[in-house]
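Visitor: Next comes the sequence, and after it the predicted model I'd like to discuss.
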Amino acid sequence: MPIQLQEILSSLPPIWPENLLPAIQHEVAQHPASVVVLDDDPTGTQTVHNIPVLTKWNLQAIINEFESKTPLFYLLTNSRSLPTPRAVDLASEVGANIREASRKTGRAFEIISRSDSTLRGHFPAEVDALADVLGMEQGVYVIAPFFEEGGRYTISDIHYVRDGRQLIPAADTAFAKDIVFGYSSSNLKKWVEEKTQGRIHSTAVHALSLEEIRQNGPDYIADKIAEFKPASVCVVNAADYRDLEVAILGLLRAQQKGQRFLFRTAASFVRVRAGLTARSLLNVDEIKGTDSTGGLIVVGSHVPKSSQQLDHLLQHGNVQSIEVGVDKILSPDDIDREISISVEFINHCLSQGQDVVVYTSRKLKTGRDHESSLSISSRISQALVKIIRSMNVRPRYILAKGGITSSDIATQALGIERAKVLGQILPGVPVWQSGSESRFPGMPYIVFPGNVGSIDAVSEVIHRFRERINQ
């Protein structure tokens with residue numbers, strides 16, 4: 001049942017009065033380690049700035065970051081697009097490389113498994129695999145899906161998604177109906193029981209309540225967490241970044257008491273855990289790009305918000321557009337012609353300085369089960385990759401809408417291996433600067449999550465770039 005956002009926020013105790021980010025930064029400096037974020041799609045970089053994101057996780061790549069003492073970096077696994085067995089194998093591979101890189105360099109590390117703020121993903125399978133390969137089977141799993149930029153709040157153990165001025169329990173949203181990662185529980189304790197298929201009962205899941213966080217502070221939280229039994233699970237309630245500061249400072253202090261953690265979180269947690277300060281949104285002048293060609297917008301995501309934003313862009317964005325028919329993509333007889341037509345159209349528009357959007361037809365195609373649905377999504381994404389890889393005009397920028405889409409285009413179409421996260425152009429919308437090894441070095445790459453932003457958000461970004469040209 002929806003509730004009014006301001007009504008519930010005003011009913012909570014006041015936030016902890018002290019800014020705790022300096023104390024977190026002190027703890028981080030006292031115990032230097034690299035925070036390694038395993039991101040199951042590219043959107044997890046949506047709260048950080050001036051941070052590297054790697055699309056390769058071979059041993060040498062990780063050793064390079066450890067030897068450089070990089071305090072925080074992302075490894076883009078894109079595992080949400082994989083069937084569970086492959087996601088588990090990947091987590092084991094990455095975890096083993098991190099462990100070996102640490103052994104070779106002597107660099108301490110901490111792992112955050114960053115996943116969807118609307119609770120979709122391979123939990124607990126990925127975290128279990130990491131725990132096994134890292135020898136952390138006795139560690140405490142910390143679940144923290146709060147994501148302020150996207151309107152995700154956890155209050156009284158219920159996880160909510162903001163819709164305008166209302167909060168909707170997560171299980172009542174379209175995200176919970178996901179054919180691959182669906183769920184029925186908004187209460188995170190019950191969600192853990194559901195996802196672990198009863199292995200961990202809801203009554204055994206700990207929680208840090210907002211009352212404890214806001215009234216008792218970080219030392220109380222540290223003492224409480226330090227007493228958790230090995231291999232337990234803890235849910236973090238949060239409705240403000242300050243709540244995360246209290247919880248994370250408590251977690252850091254509990255670590256010094258000997259407690260060990262594996263984190264399954266949304267993006268907001270990462271910034272606070274790394275001790276990063278917030279920065280203002282990027283303006284277009286901070287994003288280097290050519291002004292001579294048009295921008296390219298690629299929409300593969302089929303979540304309702306993406307389709308609404310696409311409709312707004314087509315009606316109000318003054319862009320050229322081409323629809324890629326999913327039926328034709330999935331047909332061996334039609335796919336090559338469909339790709340060829342799209343490439344020719346895009347090249348022409350970009351060379352004329354016109355912004356162009358290429359999008360897949362909106363009728364969602366699903367398979368008979370989890371794996372066949374993922375296979376269809378992958379085939380559609382691969383067609384978009386072929387289109388972008390076949391272009392011969394460098395766009396002013398590329399905006400990719402949706403997690404799987406943006407990951408595949410970054411890694412397979414553009415050949416990005418190490419990018420720099422510049423910051424965010426809208427709340428929760430990161431901008432990467434593609435690396436020198438990529439097809440278009442230095443090009444701005446906007447990773448636009450499928451489930452983030454108002455209906456006119458994509459149109460707004462396009463307008464900002466266009467406005468700069470006209471100045």
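Guide: That came through, no problem.
Visitor: Going along the chain, name the helices of the stretch 101-250 of the chain.
Guide: 125-134, 188-195, 210-226, 241-256 (DSSP state H, counting those that start in this stretch).
Visitor: In the third one, which residues are buried?
Guide: Right, helix 210-226. 210, 212, 213, 214, 216, 217, 218, 221, 222, 224, 225, 226 (16 or more other CB atoms under 10 Å). C-betas here are computed from N, CA, C, even on glycine.
Visitor: What of the first one?
Guide: Along helix 125-134, the positions that meet the burial threshold by neighbour count (16+ other CB under 10 Å) are 125, 126, 127, 128, 129, 130, 131, 133, 134.
Visitor: Same check on the last one?
Guide: By 16+ other CB under 10 Å, the buried positions in helix 241-256 come out as 241-255.
Visitor: and that helix, what does it pack onto?
Guide: Counting contacts by 3 or more CB pairs under 8 Å, 6 or more residues apart in numbering; DSSP states H and E, helix 241-256 is packed against helix 21-30, strand 140-144, helix 210-226, strand 233-236, helix 267-273.
Visitor: ok, now with 10 Å
Guide: helix 21-30, strand 140-144, strand 152-155, strand 206-208, helix 210-226, strand 233-236, strand 261-265, helix 267-273 (3 or more CB pairs under 10 Å, 6 or more residues apart in numbering; DSSP states H and E).
Visitor: between the ones you listed, which gets nearest to residue 112?
Guide: Evaluated over the helices and strands packed on helix 241-256, closeness to residue 112 peaks at strand 261-265, with 4.4 Å, by CB to CB.
Visitor: from the chain's centre, how far out does that closest one sit?
Guide: 14 Å (CA atoms, centre = their mean, to the nearest Å).
Visitor: Which strands border that strand, and is each parallel or antiparallel?
Guide: Paired strands of strand 261-265, with direction, are strand 109-114 (parallel), strand 140-144 (parallel) (DSSP bridges).
Visitor: CA-only coordinates of it in CSV, if you can.
Guide: In CSV, the C-alpha atoms belonging to strand 261-265 read as follows (Å, rounded to 0.1, in the frame of the first residue of the first chain):
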residue,chain,number,x,y,z
PHE,A,261,31.6,-8.4,6.4
LEU,A,262,30.5,-9.0,2.9
PHE,A,263,28.4,-6.2,1.5
ARG,A,264,25.4,-6.4,-0.8
THR,A,265,24.3,-2.9,-1.4
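Visitor: and the direction of that strand versus that of helix 125-134, what angle?
Guide: Angle, strand 261-265 to helix 125-134, by axes from the mean of the first three to the mean of the last three CA atoms, to 10 degrees: 160 degrees.
Visitor: quick one: average pLDDT of strand 261-265?
Guide: Here strand 261-265 scores 97 as its mean pLDDT.
Visitor: tilt between it and helix 188-195?
Guide: Using the same axes, to 10 degrees: strand 261-265 against helix 188-195 is 100 degrees.
Visitor: Against residue 316, how distant is residue 254?
Guide: Applying CB to CB, to the nearest Å, the value for residue 254 to residue 316 is 50 Å.
Visitor: Ignore what I typed, I meant residue 115.
Guide: 33 Å.
Visitor: more crowded one of the two?
Guide: Looking at residue 115 and residue 316 with other CB atoms under 10 Å, you find the greater number of neighbours at residue 115, namely 27 against 13.
Visitor: Near residue 144, how many other residues are there?
Guide: Residue 144 has 29 neighbours, counted by other CB under 10 Å.
Visitor: Could you report the pLDDT at it?
Guide: Per-residue confidence (pLDDT) for residue 144: 98.
Visitor: again, but for residue 86
Guide: 95.
Visitor: can you list the buried residues of helix 125-134 in CSV and add distance to residue 403 and pLDDT?
Guide: What follows is the buried residues of helix 125-134, written out as CSV (distance: CB to CB, whole Å; pLDDT from 0 to 100):
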residue, distance to residue 403, pLDDT
125, 18, 97
126, 15, 97
127, 19, 97
128, 22, 97
129, 20, 98
130, 20, 97
131, 24, 97
133, 24, 97
134, 25, 96
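Visitor: and of those residues, the nearest to residue 299?
Guide: Closest to residue 299 out of the buried residues of helix 125-134 is residue 126 (27.3 Å), distances taken as CB to CB.
Visitor: List the residues that contact the closest one.
Guide: Residues near residue 126 by CB atoms under 10 Å, 6 or more residues apart in numbering: 38, 40, 77, 79-80, 82, 84, 87-88, 90-92, 94-95, 113, 115, 262, 264.
Visitor: And residue 462, by the same measure?
Guide: With contacts defined as CB under 10 Å, 6+ apart, the neighbours of residue 462 are 294-295, 297, 313, 316-319, 355, 357, 397, 399, 446.
Visitor: Please determine how far residue 159 is located from residue 296.
Guide: Residue 159 is 35 Å from residue 296, where distance means CB to CB.
Visitor: same thing with residue 262?
Guide: Distance from residue 262 to residue 296, by CB to CB: 38 Å.
Visitor: So the two - more neighbours on which side?
Guide: Taking other CB under 10 Å, residue 262 and residue 296 do not tie; residue 296 has more neighbours (25 against 22).
Visitor: That one touches residue 351, doesn't it?
Guide: No. Under the criterion of CB atoms under 10 Å, residue 296 makes no contact with residue 351, lying 11.8 Å away.
Visitor: Overlap in contacts, those two.
Guide: Joint contacts of residue 296 and residue 351 (CB under 10 Å, 6+ apart) are 393, 394.
Visitor: what's the domain layout of the chain?
Guide: Annotated domains of the chain cover 3-273, 284-470 [automatic domain parsing].
Visitor: Which of the ones you listed has the lowest mean pLDDT?
Guide: The weakest mean pLDDT among these belongs to domain 284-470, with a mean of 87.
Visitor: ok now that domain, how far from the chain's centre?
Guide: With CA atoms, centre = their mean, you get 17 Å for domain 284-470.
Visitor: Can you list the neighbours in contact with the helix or strand where residue 64 lies?
Guide: Using DSSP states H and E, residue 64 maps to helix 59-67. Residues from elsewhere that reach helix 59-67 (CB under 10 Å, 6+ apart): 33-34, 36, 52, 54-56, 58, 70-73, 75, 94, 96-102, 104-109, 417-418.
Visitor: That one vs strand 109-114, what angle?
Guide: Helix 59-67 runs at 120 degrees relative to strand 109-114, counting by the same axes, to 10 degrees.
Visitor: centre of the chain versus stretch 156-168, how much separation?
Guide: Remark: stretch 156-168 is offset 19 Å from the chain centroid, using CA atoms, centre = their mean.
Visitor: Show the end-to-end separation of it, please.
Guide: Using CA to CA, to the nearest Å, one end of stretch 156-168 lies 14 Å from the other.
Visitor: Show me which positions of it end up buried.
Guide: 157, 158, 159, 160, 161, 166, 167, 168.
Visitor: ok but residue 358 is inside a strand, no?
Guide: Yes. Counting by DSSP: H, G, I helix; E, B strand; the rest coil, residue 358 is located in a strand.
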